[in-house]
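Colleague: Pasting the sequence and the predicted model now:
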Amino acid sequence: MTQFRPIKYENKSKINDILRESFYFCNYSSSELVFENMFVWNYDHQIEILWIEDKIAIIRSLEKENEWIFFPPICRSKDEFNLGLNYIRDNFPEALVTGLSKKMIEASKNQGCLFLYDDYYSEYIYDPKELADMSGGKFSRKRNLVAQFKKKYKYDLLSYEDIHFDKVLSFLKRYEEEGGADEDFGAIVHALKHKDELDLLCDILVVSDIVVGLSIGVISVFNHGVILFEKSDYNYIGSGTILVQLTTAKHYRSCRILSRQEDIGLPQLRKAKLALNPLYKEKKYACIFDSKTIQLYNLYLESFDDSKNYVDFFFLHIYRLRRAVYIERDNRIVSALHILMKKFVFNAQIFDLPFVVAASTSANYRRQGLMREVMSKTFYAMREKGYCLISLYPANPQFYLDYGFVHYAYNISLKSYPKSFECGLEQTNDSSLLSGMYSACIKDYEGYVVRDEKYYTKYLNSMWQDGIVFELIKKDNQVVGYVAHKNGDVEEILLCGEEMPINKKIDFSNSELPSPNGTIPSNMIRIIDVLAFLRRIKYEGTNHIHLRIKITDDFIIENNQIILIENIGDKLTIDACQEFDIEMTIEALTEVIFLGKGDAKLSFLFPRRKMVCFDRF
């Protein structure tokens with residue numbers, strides 16, 4: 001085979017024969033190279049295989065954003081493994097190879113590649129005998145759940161048959177309606193249809209003829225159990241726990257280990273997997289070949305003191321090369337920044353907001369004006385994409401004032417609050433709860449960054465890499481906010497009232513909270529396309545507007561305009577003109593619009609708004 005083709009069942013025997021003789025066979029504990037796992041996820045024919053010299057299998061999967069992700073080469077020897085990596089590097093230099101084990105990395109002789117730890121896809125490994133028995137103190141809570149379930153329900157664990165298909169579909173539909181994710185439904189249905197040829201172990205948990213749990217797994221060629229899919233109805237308390245115990249006892253007790261796969265960065269899933277007392281987390285790594293990405297990674301490590309785990313997470317799950325802006329000198333990247341895309345509510349509408357993070361210059365190239373060049377390049381790149389604003393959280397505010405940024409959001413010190421209260425703290429990883437709390441606290445503001453449940457899921461996981469935990473702040477057992485901290489060092493705090501919490505674990509008096517009443521400068525913003533921005537502003541007054549303004553911008557020459565602003569109802573019209581009544585810099589115009597400061601005529605047009613920003617990265 002000289003080209004990639006969809007993986008088929010006919011590939012199983014050959015792949016497994018090679019794996020049995022592979023140098024990583026004896027201690028392989030993950031699931032990427034388990035054929036059954038590959039096959040069921042190929043329900044939409046997006047997993048492909050190519051053979052090199054009929055002895056090395058290169059497998060790739062088309063993931064989100066239409067990017068090919070490669071699996072570790074399937075081969076026998078270390079030399080063949082390196083041939084496989086070299087093939088991917090030479091033919092797909094921008095590719096990402098995922099699911100690499102530590103043994104595979106140790107075998108790699110590949111020069112010029114970067115290996116990153118991938119916490120998202122590292123798998124939880126269990127002792128199947130422990131899960132089947134659930135004995136001992138560490139399983140006491142789980143045994144209680146099992147006992148509750150057995151006492152309350154008359155149940156059966158049945159081997160899945162085709163006659164159960166409609167009931168399983170009803171269960172999946174109910175699961176989705178109650179808030180469960182449906183991303184794997186296609187793969188589940190594909191697995192059930194091919195269970196016999198794949199020797200899958202499929203079971204359903206039934207209460208009063210209603211399916212309340214589904215488990216699909218396999219005993220792999222590596223002699224370890226792998227749970228491919230598992231779902232339960234949370235309305236039946238204990239259903240998830242008893243499903244784990246019964247299926248493990250039924251199928252996997254004699255396996256050397258049991259993989260319950262990864263948490264894919266979902267805090268609630270991580271909590272559930274940890275609650276079952278894994279033996280360890282099988283670390284996985286990813287391989288990057290792209291030289292520019294490697295240079296950007298090394299520049300990041302050189303410039304910031306973030307942990308390597310966080311930097312690895314950033315480059316695997318946040319970073320995109322197309323959202324990096326950089327300058328090269330001496331054939332290498334020496335100055336760069338990264339853009340994160342956020343949603344910004346302002347003037348009763350939503351703006352796409354490029355947000356600058358990790359702006360840095362290599363030590364040997366500083367004080368040469370390179371960051372000024374990077375910023376200019378960034379401004380024009382964002383303008384070309386149709387964005388009219390850009391924002392950041394400054395480590396050095398004075399540095400960014402020189403580029404036309406203006407403070408638009410401010411913090412308040414908690415010690416300035418006149419009242420305080422003794423608070424309780426309770427650790428949480430509930431992204432839905434946090435996003436709901438955030439929405440409630442900013443609902444009366446006119447300017448803020450949107451944070452939804454998806455945002456908090458990634459935020460929680462990124463902070464987890466640096467050991468930062470989220471705890472709910474409670475007053476009289478009522479949740480009134482949250483704090484993200486590491487050993488008492490506060491990273492972020494959100495409060496729904498104006499009282500300072502007191503707790504012996506954290507000194508809140510040194511903390512700051514975003515507030516429209518604050519005086520401590522925090523986030524900054526810049527207008528990069530003044531005409532496009534002004535044309536989106538909605539006029540909130542009743543008087544007729546007729547203003548001629550000359551705008552000057554030292555950075556973006558296209559913003560140097562003389563314009564006539566008029567209104568038709570709440571709509572503004574912007575036209576070029578020759579004369580002007582008011583002359584102002586782009587910075588002064590920004591302060592008028594976002595803070596209501598400056599010329600009285602313009603502040604009447606753009607009254608003071610209640611602005612806050614919690615985002616720092």
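Modeller: Nice, thanks for sending it over.
Colleague: give me phi/psi at G518?
Modeller: Backbone geometry at G518, expressed as degrees, to the nearest 10, gives phi -80, psi 160.
Colleague: Tell me which residues touch P278, please.
Modeller: Counting by C-beta atoms under 8 Å, 6 or more residues apart in numbering, P278 touches Y124, I125, Y126, R260. Placement of C-beta: from N, CA and C, glycine included.
Colleague: Can you tell me which of those is closest to V374?
Modeller: Nearest to V374 among the contacts of P278 is Y124, at 41.3 Å by C-beta to C-beta.
Colleague: beta partners for the closest one?
Modeller: Using DSSP bridges, the bridge partners assigned to Y124 are K281.
Colleague: gap between it and R256?
Modeller: 15 Å (C-beta to C-beta, to the nearest Å).
Colleague: from the contacts of P278, which two are the most distant?
Modeller: Spatial extent of those (C-beta to C-beta) is set by the pair I125 and R260 at 8.0 Å.
Colleague: Those two: which is more packed in?
Modeller: R260 (23 against 18; other C-beta atoms under 10 Å).
Colleague: quick one: the closest residue to L100 other than its chain neighbours from D156, how far?
Modeller: Closest residue to L100 apart from its sequence neighbours, by C-beta to C-beta, 6 or more residues apart in numbering: Y285 at 4.4 Å. Applying C-beta to C-beta, the value for Y285 to D156 is 42 Å.
Colleague: Quote the end-to-end distance of stretch 269-286.
Modeller: Distance across stretch 269-286, first residue to last, is 22 Å (C-alpha to C-alpha, to the nearest Å).
Colleague: which residues sit in contact with the residue nearest the centre of the chain?
Modeller: Central residue of the chain (C-alpha atoms, centre = their mean): K458, 3.2 Å from the mean position. Listed by C-beta under 8 Å, 6+ apart, the contact partners of K458 are G265, H317, I318.
Colleague: tell me the secondary structure for V325?
Modeller: Secondary structure, DSSP: H, G, I helix; E, B strand; the rest coil: V325 is strand.
Colleague: That one: neighbouring residues, count only.
Modeller: 22.
Colleague: what do you get for Q295?
Modeller: 19.
Colleague: Check which helices and strands the strand or helix carrying it is in contact with.
Modeller: Secondary structure from DSSP states H and E places Q295 in helix 291-303. Contacts defined by 3 or more C-beta pairs under 8 Å, 6 or more residues apart in numbering; DSSP states H and E place helix 291-303 against strand 114-117, helix 308-317, strand 324-329, strand 332-346, strand 349-361.
Colleague: Report the distance from the third one to the chain centre.
Modeller: In other words, strand 324-329. Distance of strand 324-329 from the chain centroid (C-alpha atoms, centre = their mean, to the nearest Å) equals 25 Å.
Colleague: now swap in the first one and tell me
Modeller: Per C-alpha atoms, centre = their mean, the displacement of strand 114-117 from the mean C-alpha position of its chain is 18 Å.
Colleague: which neighbours does it have in its sheet, and in what orientation?
Modeller: Looking at strand 114-117 with DSSP bridges, what it pairs with is strand 285-288 (antiparallel).
Colleague: Distance from the partner strand to the middle of the chain?
Modeller: How far strand 285-288 lies from its chain's middle: 18 Å, per C-alpha atoms, centre = their mean.
Colleague: Rounded mean pLDDT for that strand, please.
Modeller: For strand 285-288, the mean pLDDT works out to 96.
Colleague: do stretch 106-118 as well
Modeller: In this model, stretch 106-118 has a mean pLDDT of 88.
Colleague: Stretch 139-156 now?
Modeller: Regarding stretch 139-156, the rounded mean pLDDT is 95.
Colleague: hmm, back to that, would you mind giving the orientation angle of the helix holding Q295 with respect to helix 308-317?
Modeller: 150 degrees (axes from the mean of the first three to the mean of the last three C-alpha atoms, to 10 degrees).
Colleague: CA atoms only for helix 291-303, dumped as PDB, please.
Modeller: Extracted C-alpha coordinates of helix 291-303, given in PDB (Å, rounded to 0.1, in the frame of the first residue of the first chain):
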ATOM      1  CA  SER A 291      10.700  24.000  13.400                       C
ATOM      2  CA  LYS A 292       8.800  27.300  13.900                       C
ATOM      3  CA  THR A 293       6.600  25.700  16.600                       C
ATOM      4  CA  ILE A 294       9.700  24.300  18.300                       C
ATOM      5  CA  GLN A 295      11.400  27.700  18.200                       C
ATOM      6  CA  LEU A 296       8.300  29.400  19.700                       C
ATOM      7  CA  TYR A 297       8.200  26.800  22.400                       C
ATOM      8  CA  ASN A 298      11.800  27.400  23.400                       C
ATOM      9  CA  LEU A 299      11.300  31.100  23.300                       C
ATOM     10  CA  TYR A 300       8.400  30.700  25.700                       C
ATOM     11  CA  LEU A 301      10.400  28.600  28.100                       C
ATOM     12  CA  GLU A 302      13.200  31.100  28.000                       C
ATOM     13  CA  SER A 303      11.000  34.100  28.700                       C
END
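Colleague: now the angle between strand 349-361 and it, please.
Modeller: Using the same axes, to 10 degrees: helix 291-303 against strand 349-361 is 80 degrees.
Colleague: circling back: and the contacts of P278 as a markdown table, adding pLDDT?
Modeller: Formatted as a markdown table, these follow (pLDDT from 0 to 100):
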| residue | pLDDT |
| --- | --- |
| Y124 | 96 |
| I125 | 97 |
| Y126 | 97 |
| R260 | 96 |
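Colleague: Would you mark the buried spots in the helix holding Q295?
Modeller: Neighbour-count burial for helix 291-303, counted by 16 or more other C-beta atoms under 10 Å, picks out T293, I294, Q295, L296, Y297, L299, Y300, S303.
Colleague: Then stretch 518-533?
Modeller: Neighbour count says stretch 518-533 has G518, S522, N523, M524, I525, R526, I527, I528, D529, V530, L531, F533 buried, by 16+ other C-beta under 10 Å.
Colleague: out of those residues, who's nearest V450?
Modeller: N523 (14.4 Å).
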